[in-house]
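> build me a structure from this.
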Amino acid sequence: MKTIEEYRQDRLDNFRTQLINAGIKGVIGGSLVALVSGYYLSYKHNFGHNRNFFNTPYKIGYFVCWNIVGIIFCTDNAKLRLRKEAIVEDELRREEYIQNEQSR
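Numbering: from 1, shown residues only. The predicted structure follows:
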């Protein structure tokens with residue numbers, strides 16, 4: 001049987017890996033949105049007085065911003081899901097402990 005510290009460490013490692021995976025998914029999703037929408041905007045509005053906004057620094061800034069948005073969105077959703085899972089898991093463990101105490 002695991003000690004409380006081992007259980008906490010395993011649980012934290014699990015949470016950390018799930019958040020890292022969510023962050024990677026966010027980067028991929030943000031990159032896809034940035035590339036598709038950036039290509040569309042560049043194709044449609046790259047003429048006239050808008051031409052200054054399609055220089056390379058602005059394109060890089062647009063790409064980075066969408067990656068940040070993707071990371072934040074996916075990790076927040078993962079944190080909500082992990083919080084719900086932790087609450088259910090704690091409740092089950094609490095009920096098991098109560099049942100063990102009552103059976104003694």
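> what mean pLDDT would you report for the helix or strand containing residue 95?
If you go by DSSP states H and E, residue 95 is part of helix 56-103. Mean pLDDT, computed over helix 56-103, is 92.
> count the residues that sit near residue 45.
Residues lying near residue 45 (other C-beta atoms under 10 Å) number 13. The C-beta positions use only the backbone N, C-alpha and C, and glycine is treated the same way.
> ok and the strand or helix carrying residue 9 relative to helix 56-103, angle-wise?
Counting by DSSP H and E, the element that carries residue 9 is helix 4-45. Helix 4-45 runs at 150 degrees relative to helix 56-103, counting by axes from the mean of the first three to the mean of the last three C-alpha atoms, to 10 degrees.
> and helix 4-45, what does it pack onto?
For helix 4-45, the packing partners by 3 or more C-beta pairs under 8 Å, 6 or more residues apart in numbering; DSSP states H and E come out as helix 56-103.
> centre of the chain to the helix it packs on, how far?
Taking C-alpha atoms, centre = their mean, to the nearest Å, one finds the center of helix 56-103 at 8 Å from the center of the full chain.
> that helix packs against which elements?
helix 4-45.
> the helix it packs on: how far from the chain's middle?
On C-alpha atoms, centre = their mean, the centre of helix 4-45 falls 5 Å from the chain's centre.
> any idea of the mean pLDDT in that helix?
Mean predicted lDDT for helix 4-45 stands at 92.
> name the nearest residue to the residue positioned nearest the centre of the chain, sequence neighbours excluded.
For the chain, the residue nearest the mean C-alpha position is residue 75 (1.9 Å; C-alpha atoms, centre = their mean). In this structure, residue 75 finds its nearest non-sequential neighbour in residue 22, 5.0 Å apart by C-beta to C-beta, 6 or more residues apart in numbering.
> can you tell me how far that neighbour is from residue 58?
28 Å (C-beta to C-beta, to the nearest Å).
> equivalent analysis for residue 14, please.
40 Å.
> quick one: which of residue 22 and residue 58 has more around it?
Each of residue 22 and residue 58 has its neighbours counted (other C-beta under 10 Å); residue 22 has more, 21 against 12.
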